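In: could you work out the structure for the sequence below:
(2 chains)
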Number of protein chains: 2
Amino acid sequence: MNKPKIVVLGAGYAGMMTTKRLTQKLKPEEADIVLVNKHNYHYQTTWLHEVAAGTIDQNRSRIMISDVINRKRVNLVQDTVVEIKKGDKRVVLENGEIEYDYLVIGLGFEKATFGIPGMEENAFSIQSVDKSRIIREHMEYQFARYNNENADKDHLLTFIVGGGGFTGIEFIGELAERLPELCKRFDIDKNKVRIINIEAAPTILPGFNKELIDYAVHSLESRGVEFKVGTMIKECKEDGVIVGEGEEIKAGTIVWTGGVQANSIIGKSGFELTKGKVNVDSDLRAPGYHDVFILGDCAWVMDEESGRPYPPTAQIAMQEADTCANNITALLRGSKLERFRFDNKGTVASLGGKHAMGTVFDGKKLFGVSAKAMKNVIDNRYLFLLGGPKLVLRKGKFRPF
Amino acid sequence: MNKPKIVVLGAGYAGMMTTKRLTQKLKPEEADIVLVNKHNYHYQTTWLHEVAAGTIDQNRSRIMISDVINRKRVNLVQDTVVEIKKGDKRVVLENGEIEYDYLVIGLGFEKATFGIPGMEENAFSIQSVDKSRIIREHMEYQFARYNNENADKDHLLTFIVGGGGFTGIEFIGELAERLPELCKRFDIDKNKVRIINIEAAPTILPGFNKELIDYAVHSLESRGVEFKVGTMIKECKEDGVIVGEGEEIKAGTIVWTGGVQANSIIGKSGFELTKGKVNVDSDLRAPGYHDVFILGDCAWVMDEESGRPYPPTAQIAMQEADTCANNITALLRGSKLERFRFDNKGTVASLGGKHAMGTVFDGKKLFGVSAKAMKNVIDNRYLFLLGGPKLVLRKGKFRPF
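Out: Below you'll find the model as predicted:
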């Protein structure tokens, strides 16, 4: 007798936690579980800005999947997804294909550049271990070049970060910590360094409380960061950007954090996209497909209170994983599916070093070292859910604060 | 009453040891001593291939001048030499000028590319801290790029080292150790890496004993290095070289170690050059100038036994410094100058990791770990001469072997 086969695509926050929960909820005889991922490791997307800035080693941000997933229960397939043939209930991989009874799509995001000329080719993005560590190496290379050039070289030390959302601001905070260190290493006057954040909206961190935004701006400006809000990037060139009415700002490194969209496999596979992602039903299934769940950065989940989709975060992806695992279990057992409800535990943005700010639980605002401490608690909590205390000890954050 | 003024240009092996010896030999009332250097640090040129490969930190290779030179006795001027006006007995600096009664020129070498098209612009050289650390950063950047490229990317992992002399071979030895480590760091199959040494002469390390050369070739080949001896580089391009009858070898990093010449300031200042350097008299003075000494990589010193100049090494530069300091003392005191005699203590080439080979003292050949141990003894001896046991403890090499 064939057991139903659950296939999870992508070992990000959503895919990992769904897989983990399924092994906890289901008995071995109830279903086969397959996890497909490009690499043999999972990475913490929310730590990648630190990898990109070089403030943590890349290996801190990644975890071998086989270390945290029970391999007796889960078949790990290391391959790259090419297309989902939902009519045939199968997934085409680069090196084969795989059939499913239930599919969980957690394939994450891609850079969305909104058609800004040159942005795709010339800007880096904080998107995977590979794409993040190249930012670090590129930046260090610009510093190493500096004292070997004779003239027209100050722009090598200029960093432009396009987008003042969560990732952009957290990345800038890390840069503000790292660059003085690099200046010392490469015998460069630290006043030569410029970090410029360009945001089209009238404020950075849209959606955050004004008091928190002011704190972040002040904290970063006091460490030399320049903000250009309400400013559109018109074009991205190899060595700079054009903003506003044609003003050119030269830079050695340009990073785009201004927009994300679902992995392009989703659109290619025929799912209907709204603003680059799939509007999923309240039970997290793709509309019209009773056997396909879409989670994390590939999906918009409607907040019925506000009438707008929830902003996509690691926190929500992990909660979606719980609902998804419950609903697959319900489908297998013929019971009723649950609606996803987001339990907001707050959001803390790191601003580099000992600096952070955010809200927790009941909406209480936190600043500075207490926010930073909470940020570490949040980071460690995920590790605990995923791999228990052993993983916290191995990969957790215990910086003094 | 004006004291005579001794000006030493360059804080390399020759300049540092001359200055040190002068402070030991002369009484404060006998002369003023000025040391002019571009940076406030001295660097160990013979360790730069390790900085370039990334096997030691750059700061291991440099020493603050003020830590080892008695500042009460020596006036340290941090500036860049522009020209020597020997007729007027003065030196033009970027930010001023300085007069001298006795001049010691120890301004080191520059890359000599023998007119090979593109070599000047496209190849790195192991020549200073700045020029060495950029090699490391460039190489790490190529590795970081690799997994972000789709096709035509294998050449990013190819290293071409032009020149199979001492520096080229020692550098290749370090690369052979470092690259497998970088492969691990960047998730790259180490069989994709190529290290190619190209040497125009029929053998690498010309001048060395055949048994030692064979040992070096075998040791490096067993770690994957490819040798192309008897092969001329016809042209150096941004992404490769043309050799022989037009064969193109693509590479991500090209380093030229095939030739050196005296700092170009020497020629610009009107000293007569032979094969890029000054043939100095046996008392190390520039022919025709009783008050100018030229040492180290700016000079050829004739070996009267062989009738050919001594090969320039750190060892000979330090011995020249002794003779130079003695001869300046003799000039001040009106006594007889001495002729330089080279006391060959042997030469050991490091081949990376625990590998090394060379000859010591009485011509005895050394291989492997015992050669490596001797190499460390040699490196530490210089530190001892310069800064005593404290400097050996701080900067010395005590790798396990």
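In: all helices for chain A, in order.
Out: For chain A, applying DSSP state H gives helices covering A:13-25, A:48-53, A:65-68, A:119-122, A:129-146, A:166-185, A:210-221, A:264-268, A:314-333, A:368-395.
In: is there proximity between the second one and chain B?
Out: No: contact between helix A:48-53 and chain B is absent, the nearest approach being 11.0 Å (criterion: Cβ under 8 Å from any Cβ of the partner chain). C-betas here are computed from N, CA, C, even on glycine.
In: now do that helix: everything it contacts.
Out: The contact list for helix A:48-53, computed with Cβ atoms under 8 Å, 6 or more residues apart in numbering or on different chains, reads A:56-58, A:60-61, A:124, A:126-129, A:132-133, A:135-136, A:139, A:167, A:170-171, A:174-175, A:177-178, A:255.
In: now do the contacts for residue A:387.
Out: Residue A:387 touches A:63, A:67, A:68, counting by Cβ under 8 Å, 6+ apart.
In: out of the contacts of helix A:48-53, which touch chain B?
Out: Residues of the contacts of helix A:48-53 in contact with chain B (Cβ under 8 Å from any Cβ): A:58, A:133, A:136.
In: turn these into a markdown table, columns for distance to residue A:150 and neighbour count.
Out: Formatted as a markdown table, the ones next to chain B among the contacts of helix A:48-53 follow (distance: Cβ to Cβ, whole Å; neighbours: other Cβ atoms under 10 Å in any protein chain shown):
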| residue | distance to residue A:150 | neighbour count |
| --- | --- | --- |
| A:58 | 34 | 22 |
| A:133 | 30 | 25 |
| A:136 | 26 | 23 |
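In: by pLDDT, rank these and give me the bottom one.
Out: Within these, residue A:58 has the lowest pLDDT, namely 90.
In: measure residue A:82 to residue A:182 for me?
Out: Distance from residue A:82 to residue A:182, counting by Cβ to Cβ, to the nearest Å: 40 Å.
In: which one's more surrounded, those two?
Out: residue A:182 (21 against 15; other Cβ atoms under 10 Å in any protein chain shown).
In: what about the more buried one, distance to residue A:141?
Out: 11 Å.
In: can you list residues touching both of those two?
Out: Contacts common to residue A:182 and residue A:141, judged by Cβ under 8 Å, 6+ apart, are absent.
In: now residue A:139. Nearest residue, chain neighbours left out?
Out: residue A:253 (5.2 Å; Cβ to Cβ, 6 or more residues apart in numbering or on different chains).
In: thinking again about what came up before, the helices of chain A: lowest mean pLDDT?
Out: helix A:368-395 (a mean of 83).
In: of all the residues in it, which ones are buried?
Out: A:371-376, A:378-380, A:382-383, A:385-387, A:391-392, A:395 (16 or more other Cβ atoms under 10 Å in any protein chain shown).
In: with stretch A:72-80 instead?
Out: Quick answer for stretch A:72-80 (16+ other Cβ under 10 Å): A:73, A:74, A:76, A:77.
In: pLDDT score assigned to the second one?
Out: Reported pLDDT at residue A:74 in the predicted model: 97.
In: that one against residue A:18, yeah?
Out: No: distance between residue A:74 and residue A:18: 10.8 Å, which falls outside the contact criterion (Cβ atoms under 8 Å).
In: just give me the closest of the buried residues of stretch A:72-80 to residue A:221.
Out: residue A:76 (46.3 Å; Cβ to Cβ).
In: can you pull the contacts of residue A:228?
Out: Counted by Cβ under 8 Å, 6+ apart, residue A:228 has contacts A:196, A:197, A:198, A:199, A:243.
In: show me which of these neighbour chain B.
Out: Within the contacts of residue A:228, nothing lies near chain B by Cβ under 8 Å from any Cβ.
In: looking at these, point me to the pair that's furthest apart.
Out: So, the contacts of residue A:228 by Cβ to Cβ: farthest apart are A:197 and A:243, at 11.8 Å.
In: show me the beta-bridge partners of the residue nearest to residue A:76 when sequence neighbours are not counted.
Out: The shortest distance from residue A:76 to any non-neighbouring residue, by Cβ to Cβ, 6+ apart, is to residue A:35 (5.4 Å). Assessed by DSSP bridges, residue A:35 has beta-bridge partners residue A:8, residue A:76.
In: which ones are touching residue A:35?
Out: Contacts of residue A:35 by Cβ under 8 Å, 6+ apart are A:8, A:11, A:15, A:19, A:65, A:69, A:74, A:75, A:76, A:77.
In: looking at those, which one is closest to chain B?
Out: Minimum distance to chain B across these is 14.2 Å, recorded for residue A:65 (Cβ to the nearest Cβ).
In: tell me the contacts of that closest one?
Out: A:11, A:16, A:35, A:37, A:40, A:41, A:42, A:76.
In: of these, buried ones?
Out: A:11, A:16, A:35, A:37, A:41, A:42, A:76.
In: and the furthest pair within the residues you listed?
Out: Farthest pair in those, by Cβ to Cβ: A:35 and A:41, 12.3 Å.
In: what's the overlap in contacts for these two?
Out: Common neighbours of residue A:35 and residue A:41 (Cβ under 8 Å, 6+ apart) are A:11, A:65.
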